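**Q** here is my input, please return the structure:
(one chain, ligands or ions: 1)
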Amino acid sequence: MTDTTPDAADLLAIAVTVAREAADTARSMRAEGVSGVTTKSTDTDVVTAADRAVERQVVAALAARRPDDTVLGEEYGGSGGADSPVRWVVDPIDGTVNYLYGLPQYAVSLAAEVNGVAVAAVVRNAATGEEWTATRGGGAYRGGRRLSASVQTDLAQVLVATGFGYDAKRRAHQAEVLTRLITRVRDIRRFGAASLDLCLAAEGGVDAYFEKGLNPWDHAAGGLIATEAGLVVGGLDGRPAGPDMVVAAPPAIFGPLTELLAELDAAGGP
Ligand code: IPD
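**A** This next block holds a predicted model:
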């Protein structure tokens, strides 16, 4: 039984070490060629041997360092004991379709939660080595540089990143929302890895991000990084970020954007 609350900086140090090793594995497996490709929820929702191998590696590395903690991962679900207040949330390869095609936009995403609250996070682009980190209350960083997100105040000037689910009916609804949103904002971007979208928002590469249908491993780490860079992260109608909706936006934009997304029924549909 772990009875002391661990320090966020200590958890971050573990997260960074584990994520770097995991990203090395993902990149070297990609260099050898993608293998073991199967599908999950739909014919376009792929998983590769690397997704599975990287998650197994992360789970083993965390268990070696903190055996009492639990781990929630994209490919194998929950594992580990339940005595610790710490839960690790891992997406071994976020952006698996980019990984499949060799597009350099896929990441290891790893967050440490204490009693259900994310306190330390790392997202590492395995293709490029770019790395974003944050601790709760301690700021967000990339390569030693503290990050400040957009402070845009005019919704019409906002560059918005988003993503789509793997289910065709859900995508049709998401596309309808976009056709009405795109006339109300500066423009839309779709890069293909939610964790990296949130990190891009954290450093001002886009002003805001939203997506319906994300799982905890897609946004746990990136959400903390975006928050610590100054964005407001949440859902619609005062709800927390979750499967219905994740929005990350500058403080002056969060209200108008979430109201517009609610008006467009962005959290609705299949
Ligand atoms: C997906 C990516 C994508 C987002 C999807 C996610 P995966 O994660 O983050 O950008 O639009 O909703 O499922 O499947 O590549 O780990």
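**Q** and the strand or helix carrying Val177, what does it pack onto?
**A** Using DSSP states H and E, Val177 sits in helix 168-181. Under the contact definition 3 or more Cβ pairs under 8 Å, 6 or more residues apart in numbering; DSSP states H and E, helix 168-181 sits against strand 159-162, helix 251-263. All C-beta atoms are positioned from the backbone trio N, CA, C, and that covers glycine.
**Q** compute the inter-axis angle for it and helix 251-263.
**A** 120 degrees (axes from the mean of the first three to the mean of the last three Cα atoms, to 10 degrees).
**Q** mind listing what's buried in helix 168-181?
**A** Across helix 168-181, burial judged by 16 or more other Cβ atoms under 10 Å covers Arg170, Arg171, His173, Gln174, Val177, Leu178, Leu181.
**Q** let's have the residues you listed in JSON lines, adding pLDDT and distance to Thr258.
**A** Converted to JSON lines, the buried residues of helix 168-181 look like this (pLDDT from 0 to 100; distance: Cβ to Cβ, whole Å):
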{"residue": "Arg170", "pLDDT": "96", "distance to Thr258": "20"}
{"residue": "Arg171", "pLDDT": "96", "distance to Thr258": "22"}
{"residue": "His173", "pLDDT": "97", "distance to Thr258": "18"}
{"residue": "Gln174", "pLDDT": "98", "distance to Thr258": "16"}
{"residue": "Val177", "pLDDT": "98", "distance to Thr258": "13"}
{"residue": "Leu178", "pLDDT": "98", "distance to Thr258": "16"}
{"residue": "Leu181", "pLDDT": "98", "distance to Thr258": "12"}
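**Q** residues contacting the residue in the chain that the ligand sits nearest to?
**A** Residue of the chain nearest the ligand, by Cβ to the nearest ligand atom: Gly163 (2.3 Å). Residues in contact with Gly163 (Cβ atoms under 8 Å, 6 or more residues apart in numbering) are Arg190, Phe191, Gly192, Ala194, Asp197, Glu211, Leu214.
**Q** quick check on the first one: phi, psi?
**A** Same thing as Arg190. Phi and psi for Arg190, reported as degrees, to the nearest 10, are phi -140, psi 110.
**Q** was I right to think it contacts Thr162?
**A** Yes. Because the distance of 6.1 Å satisfies Cβ atoms under 8 Å, Arg190 is recorded as touching Thr162.
**Q** what about the two, which has more around it?
**A** Neighbour count, other Cβ atoms under 10 Å: between Arg190 and Thr162, Thr162 has more, with 23 against 12.
**Q** wait, does the helix holding Val177 contact the ligand?
**A** No. Contact between helix 168-181 and the ligand is absent, the nearest approach being 9.2 Å (criterion: Cβ under 6 Å from any ligand atom).
**Q** ok, back up a step: give me the pLDDT value at the residue of the chain closest to the ligand.
**A** Looking at Gly163, its pLDDT is 98.
**Q** got the residues of this structure near the ligand?
**A** 74, 91, 94-96, 163-165, 192-194, 211, 213-214, 218.
**Q** let's see 5 Å
**A** Residues of the chain lying close to the ligand by Cβ under 5 Å from any ligand atom are Asp94, Gly95, Thr96, Gly163, Gly192, Ala193, Ala194, Asp218.
**Q** so the first one sits against Pro216, correct?
**A** No. Judged on Cβ under 8 Å, Asp94 makes no contact with Pro216 at a distance of 11.8 Å.
**Q** could you look up the SS state of Leu236?
**A** Assigned with DSSP: H, G, I helix; E, B strand; the rest coil, Leu236 falls in the coil class.
**Q** what residues are up against it?
**A** Asp244, Met245, Val247, Thr258, Leu261, Ala262, Ala266, Ala267.
**Q** that's a helix at the first one, yeah?
**A** No. When three-state DSSP is applied, Asp244 is found to be coil, with no helix at that position.
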